[in-house]
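Engineer: Fold the following.
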Amino acid sequence: MRVIVVGGGVVGTMHAWQAVQRGHEVVQIEREAEARGASLRNFGQIWVSGRAGGEELDTALRARELWERIGAEVPGLGFRANGSLTPVRTDREYAVAATALARPDAAARGYKLVTAEEARQINPALRGAFEAALWCERDAAVEPRTAQLRLREALKATGRYTFLPGREVREVVAPGAVRDDHGDVHRGDAVVLATGAWLSGLVRELVPDLPVRRVRLQMMQTAPLGEALTTSVADADSFRYYPAYKSPALDALNAGQDQEPVAAAHKMQLLMVQRQDGGLTIGDTHEYEHPFAFDTLEDPYEHLTGVVEGFLGRPLPKIMRRWAGVYAQCTDTTRVVHRQQVADGVWLVTGPGGRGMTCSPAIAETTANELGW
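Structural biologist: Numbers count the residues shown, from 1 in each chain. Predicted coordinates:
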């Protein structure tokens, strides 16, 4: 079988990985010289802790298993089973964390409520003030800026993979065949459009009423911390954002403890992970209304700096990079991904939202199974 994958981000690359692993030939086409979208502009977190139960959690757990397996085959991914800690400071925050332990799937996530001292034993860099922390053993991380590069190197080594950058696919010309903007036609037994937040052009022509929206976020990265941050770190505002924490305790938190005004205005949470070079990737904000602003605003960065310094009990290293990114999210946010046959031999796979990095291996595996690869 010959598979054409359109899109060089993590979802597209994982589809290429699944096809090659199953013995097929793959041509992957990317409109930029390298992937430049959300696949690079994220935390690199394999984030199981906050996922909704049912299909979403099952997908995340399967993806976590696949990431670990692929990480063993491709060490350059920088896979590490670092887990996460969410420190809590108030009784209402503690109640949300404690309620999470009563979920029937708490053990599958690796939830444990630990004291502040136990949290510092897990992650000694957390020297600031907090009362306790929710530990999630199943969370993990990879290096987002290099993951696709390392995966493609491994794919090329099989001799059954071709990467074609700098080409935009413009037209479906026959079953399983597309034409790019160089005039070249690429024919296969299946075409997967994994175009991420690029929802215009061919995608709009094929699916005018696509139930997917675009979301913009801001993030930053620091100079090396100078010590190990042994886990990913979130704050209690993440309870408000992730569906796993929905409960009467969360309702009480929302009713009785307002977010900081800047955090509320920008729909913020803290997520933080250490890169292999020692720097910290820190975010994030959420912007849903179009047209998106083109500015990166300073207030959210100042808010995040204060939250991080409070947990670390020390000044944040110099901020080296600030950036914004856009990802695609199903308008029905309970859906893990939008997967649709849009023409003979052509499937569109998009809209995982903030779950793309976490869930991409399992999303691609499901596509491969459904298409009978």
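
Engineer: which residues pair with the closest residue to residue 81 other than its chain neighbours across the strands?
Structural biologist: The spatial neighbour of residue 81 that comes closest, neighbours along the chain excluded (C-beta to C-beta, 6 or more residues apart in numbering), is residue 140 at 4.9 Å. Every C-beta, even on glycine, is put in place using the N, C-alpha and C of the backbone. Per DSSP bridges, residues listed as beta-bridge partners of residue 140: residue 46.

Engineer: Can you report how many residues lie near residue 140?
Structural biologist: For residue 140, the count of nearby residues is 24 (other C-beta atoms under 10 Å).

Engineer: Output the contacting helices and strands for the helix ranked longest in the chain.
Structural biologist: Using DSSP state H to assign secondary structure, the helix with the most residues in the chain is helix 55-73. If you count contacts as 3 or more C-beta pairs under 8 Å, 6 or more residues apart in numbering; DSSP states H and E, helix 55-73 packs onto strand 45-46, helix 106-109, strand 140-141, helix 356-371.

Engineer: okay, these in CSV with distance to residue 329 and mean pLDDT next?
Structural biologist: Below are those laid out as CSV (distance: least, C-beta to C-beta, whole Å; pLDDT from 0 to 100):
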stretch, distance to residue 329, mean pLDDT
strand 45-46, 17, 96
helix 106-109, 22, 96
strand 140-141, 22, 98
helix 356-371, 9, 97
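
Engineer: For residue 306, find the nearest of those.
Structural biologist: When the helices and strands packed on helix 55-73 are ranked by proximity to residue 306, the top entry is strand 45-46, at 21.6 Å, counting by C-beta to C-beta.

Engineer: before we move on, the earlier item: neighbouring strands for the very next helix or strand once past the longest helix of the chain, and are they parallel or not?
Structural biologist: Counting by DSSP states H and E, the next helix or strand C-terminal to helix 55-73 is strand 84-88. Applying DSSP bridges to the sheet, strand 84-88 is found paired with strand 132-136 (antiparallel), strand 232-234 (parallel).

Engineer: Surely residue 67 and residue 45 touch.
Structural biologist: No - with contact defined as C-beta atoms under 8 Å, residue 67 and residue 45 do not form a contacting pair (10.6 Å).

Engineer: which neighbours do those two share?
Structural biologist: By C-beta atoms under 8 Å, 6 or more residues apart in numbering, residue 67 and residue 45 have these common neighbours: residue 140.

Engineer: residues near the closest residue to residue 124 other than its chain neighbours, how many?
Structural biologist: Nearest residue to residue 124 in three dimensions, chain neighbours excluded: residue 230, at 7.2 Å (C-beta to C-beta, 6+ apart). A total of 17 residues lie near residue 230 under the criterion other C-beta under 10 Å.

Engineer: Who are the contact partners of residue 230?
Structural biologist: Residue 230 makes contacts with 82, 122, 123, 124, 125, as judged by C-beta under 8 Å, 6+ apart.

Engineer: quick one, what contacts the fourth one?
Structural biologist: For residue 124, the contacting residues are 227, 228, 230, by C-beta under 8 Å, 6+ apart.

Engineer: Can you convert those into CSV and add a column each for secondary structure, pLDDT and distance to residue 297?
Structural biologist: Formatted as CSV, the entries for the contacts of residue 124 read as follows, by DSSP: H, G, I helix; E, B strand; the rest coil; pLDDT from 0 to 100; distance: C-beta to C-beta, whole Å:
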residue, secondary structure, pLDDT, distance to residue 297
227, coil, 98, 30
228, coil, 98, 31
230, coil, 98, 31
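
Engineer: Distance to residue 350 for those residues - can I get that in JSON lines?
Structural biologist: Converted to JSON lines, the contacts of residue 124 look like this (distance: C-beta to C-beta, whole Å):
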{"residue": "227", "distance to residue 350": "39"}
{"residue": "228", "distance to residue 350": "36"}
{"residue": "230", "distance to residue 350": "34"}
